[in-house]
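Colleague: next input, structure requested:
(chains A and B)
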Number of protein chains: 2
Amino acid sequence: MTDILSAQMAFLIEADKLKSVSRATSLCDGSRCENSGEHSWHIALYAMVLAEHAHRPVNIDRVIKMLLLHDLVEIDAGDTPIHGDHDPAAMEAIEQAAADRIFGLLPPNQAAEFRALWDEFEAAETDDAIFAKSVDRVQPVVANLETGGGTWPEFNVSAAQLETRVGVKVRRGAPMLWQHLRSRIDAWFDAR
Amino acid sequence: MTDILSAQMAFLIEADKLKSVSRATSLCDGSRCENSGEHSWHIALYAMVLAEHAHRPVNIDRVIKMLLLHDLVEIDAGDTPIHGDHDPAAMEAIEQAAADRIFGLLPPNQAAEFRALWDEFEAAETDDAIFAKSVDRVQPVVANLETGGGTWPEFNVSAAQLETRVGVKVRRGAPMLWQHLRSRIDAWFDAR
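Modeller: Residues are numbered from 1 along each chain as shown, chains lettered A, B, ... in the order given. Alright, predicted model coming up:
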């Protein structure tokens, strides 16, 4: 039992570092950039609140667990802004190595269970993962709308790019949600 | 549906403010104080990892939801350091008013459901709430141990006070957890 608890504590202390990983998106009041720890809390809450709008039935408890874990690899890999330049293959290799290291801190059974949830999220093929991804994608859009466009001017994002990079993924898991934001998004791009 | 989504979005945007509520506890690397948003993520992860050590069987999915919600009232009430001075009755009145306002942003059914979970957490009588409270109490202890005592010197905390204010509550929900930390805690106080 001591060995199990020691491994679990090492994992939880390591996880603390996610609070120091900075994201491109800012808080809704524009005061500073969000970090990946508080982002993970916020999207777990998004999922809990918005579960009824999932396109297909989901197990919301599994979705929440996925979202609590989904960004831990950023402790090693950092956050990759969706509108920034990056090499997807190189990033995937870095994140896989990070998952090996970080989930590997846990006792073996739990490491395997958490890793399977993270793999499922990354693959974005199950209904639970598809909804989790849509929530992860939509929260920065809301923050951008709350802060006069947020990161969109900085990354020179067009309405078409937002649709391809974000809208498609949000609509896949929660079409009503994207439709609800559509008028605010259109108004922002029309006013440019 | 539009009304429901508008209310849910207003709640989620309001919830963003929890990321700006500062706590007494610092990050495990001592770089800055933790905020209540990232704290909420971390203890939800604590619960997910440590569920097997609950003193009595818990529904871990309900525990996680409780923990995601438990600090939202701090948007209005601020964080009350456990080792600081405060008037419990006055603080309870402020938190009740905060719960009315913040959960009241949600559609009525969801507001009632979330409020019931928060009330259950606060009452600390069910097995789920008792375990949730023990996790909420133990995470700052770990952060303090990681940062050479953390807030204990500042608040002039004795070993006996830590036992009364924190240890009793951690042991109530997860006795093995407190036992596991005991030697590190004793070593810190013995070295003073």
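Colleague: the most centrally placed residue in chain A: which element?
Modeller: Taking C-alpha atoms, centre = their mean, the centroid of chain A lies closest to A:D136, which sits 3.8 Å from it. Using DSSP states H and E, A:D136 sits within helix A:127-146.
Colleague: can you spell out which helices and strands pack onto that helix?
Modeller: strand A:22-26, helix A:36-50, helix A:60-69, helix A:108-123, helix A:168-173, helix A:175-190, helix B:2-15 (3 or more C-beta pairs under 8 Å, 6 or more residues apart in numbering or on different chains; DSSP states H and E). Where C-beta positions appear, they are placed from N, C-alpha and C, glycine not excepted.
Colleague: can you list the buried residues in the next helix or strand after that helix?
Modeller: Per DSSP H and E, helix A:127-146 leads on to helix A:159-162 as the next helix or strand towards the C-terminus. Buried residues in helix A:159-162, counted by 16 or more other C-beta atoms under 10 Å in any protein chain shown: A:L162.
Colleague: re the thing from before, how far away is the residue nearest to the centre of chain A from chain B?
Modeller: Distance of A:D136 to chain B, given as C-beta to the nearest C-beta, to the nearest Å: 14 Å.
Colleague: secondary structure class of A:L105, three-state.
Modeller: coil (DSSP: H, G, I helix; E, B strand; the rest coil).
Colleague: from what I see, it and A:M9 are in contact.
Modeller: No. The criterion here is C-beta atoms under 8 Å, and A:L105 misses it with A:M9 at 9.5 Å.
Colleague: these two: who's more crowded?
Modeller: Under the neighbour definition other C-beta atoms under 10 Å in any protein chain shown, A:L105 and A:M9 were set side by side, and A:M9 has more, 22 against 17.
Colleague: ok, now how distant is that one from A:S20?
Modeller: According to C-beta to C-beta, to the nearest Å, A:M9 and A:S20 sit 19 Å apart.
Colleague: next: A:H83.
Modeller: Distance from A:H83 to A:S20, by C-beta to C-beta: 22 Å.
Colleague: same question for A:W152.
Modeller: 25 Å.
Colleague: more neighbours: those two, which one.
Modeller: For A:W152 versus A:S20, neighbours defined as other C-beta under 10 Å are more numerous around A:W152 (23 against 16).
Colleague: for that one, which non-adjacent residue is spatially closest?
Modeller: Distance criterion C-beta to C-beta, 6 or more residues apart in numbering or on different chains; nearest residue to A:W152, sequence neighbours excluded, is A:N144 at 5.7 Å.
Colleague: what's around that neighbour, how many residues?
Modeller: 24.
Colleague: A:E14 and chain B, how far apart?
Modeller: Distance from A:E14 to chain B, by C-beta to the nearest C-beta: 9 Å.
Colleague: got the phi and psi for the closest residue to that residue other than its chain neighbours?
Modeller: With C-beta to C-beta, 6+ apart as the criterion, A:E14 has its nearest non-adjacent residue at 5.8 Å, and that residue is A:L105. When read as degrees, to the nearest 10, the backbone of A:L105 gives phi -70, psi -20.
Colleague: what about A:L105, distance to A:F11?
Modeller: Where A:F11 is concerned, A:L105 sits at a distance of 4 Å (C-beta to C-beta).
Colleague: point out where chain A drops to low pLDDT.
Modeller: Within chain A, the stretches with pLDDT under 70 are A:1.
Colleague: try 80
Modeller: A:1-2 (pLDDT under 80).
Colleague: A:A112: how many residues sit nearby?
Modeller: 12.
Colleague: with A:D85 instead?
Modeller: A:D85: 7 neighbours (other C-beta under 10 Å).
Colleague: tell me the secondary structure at it.
Modeller: From three-state DSSP, the assignment for A:D85 is coil.
Colleague: list phi and psi for it.
Modeller: phi -80, psi 140.
Colleague: with A:D79 instead?
Modeller: Torsion angles, degrees, to the nearest 10, at A:D79: phi -90, psi 140.
Colleague: surely it touches A:S22?
Modeller: Yes. Using C-beta under 8 Å, A:D79 is in contact with A:S22, at 6.9 Å.
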